[in-house]
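Output the structure for:
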Amino acid sequence: MAKVIEFFKESYNEMTQKVSWPTWSELQNSAVLVLVASIVIAFLVLAMDESAGTALKLFYKSLA
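Numbers count the residues shown, from 1 in each chain. Got it, this is the predicted structure:
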């Protein structure tokens, strides 16, 4: 039990004293960057899906 208590004490000390937390501004900038990157990737996947769908439709029409 003493090891568990020591673990929590050390974890708390590390989280409060040794970890450098981002500022609110840095956190907002990172969130905006992730949002923009996610939207760009979503549109790229949509474009590839639509292109593949169109190519397959043309291919199947040429067989009929």
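
top helix in this structure by residue count?
helix 24-63 (DSSP state H).

how much space is there between Ala55 and Lys18?
Distance, Ala55 to Lys18, by C-beta to C-beta, to the nearest Å: 54 Å. No exception for glycine: its C-beta is placed from N, CA and C like everyone else's.

Which one's more surrounded, those two?
Higher neighbour count among Ala55 and Lys18: Ala55, with 10 against 7, using other C-beta atoms under 10 Å.

State the pLDDT value of the more buried one.
Looking at Ala55, its pLDDT is 97.

any idea how far Met48 is from it?
10 Å.

Please apply the same query to Ile41.
11 Å.

With Ser62 instead?
21 Å.

Comparing those two, which shows the higher neighbour count?
Legend: neighbour count by other C-beta under 10 Å for Ser62 and Met48, higher for Met48 (10 against 7).

ok, back up a step: centre of the chain versus the longest helix of the chain, how much separation?
Centroid separation for helix 24-63 versus its chain: 14 Å, with C-alpha atoms, centre = their mean, to the nearest Å.

Let me see the contact set for the residue positioned nearest the centre of the chain.
With the centre of the chain defined as its mean C-alpha position, the nearest residue by C-alpha atoms, centre = their mean is Val34, 6.5 Å away. Contacts for Val34 were tallied using C-beta atoms under 8 Å, 6 or more residues apart in numbering; there are none.

Pull up the gap between it and Glu26, please.
Counting by C-beta to C-beta, the gap from Val34 to Glu26 is 13 Å.

What degree of burial does Leu63 show, as a neighbour count?
Quick note: Leu63 (other C-beta under 10 Å) scores 5 neighbours.

If anything else comes up later, I'll come back, but that's it for now.
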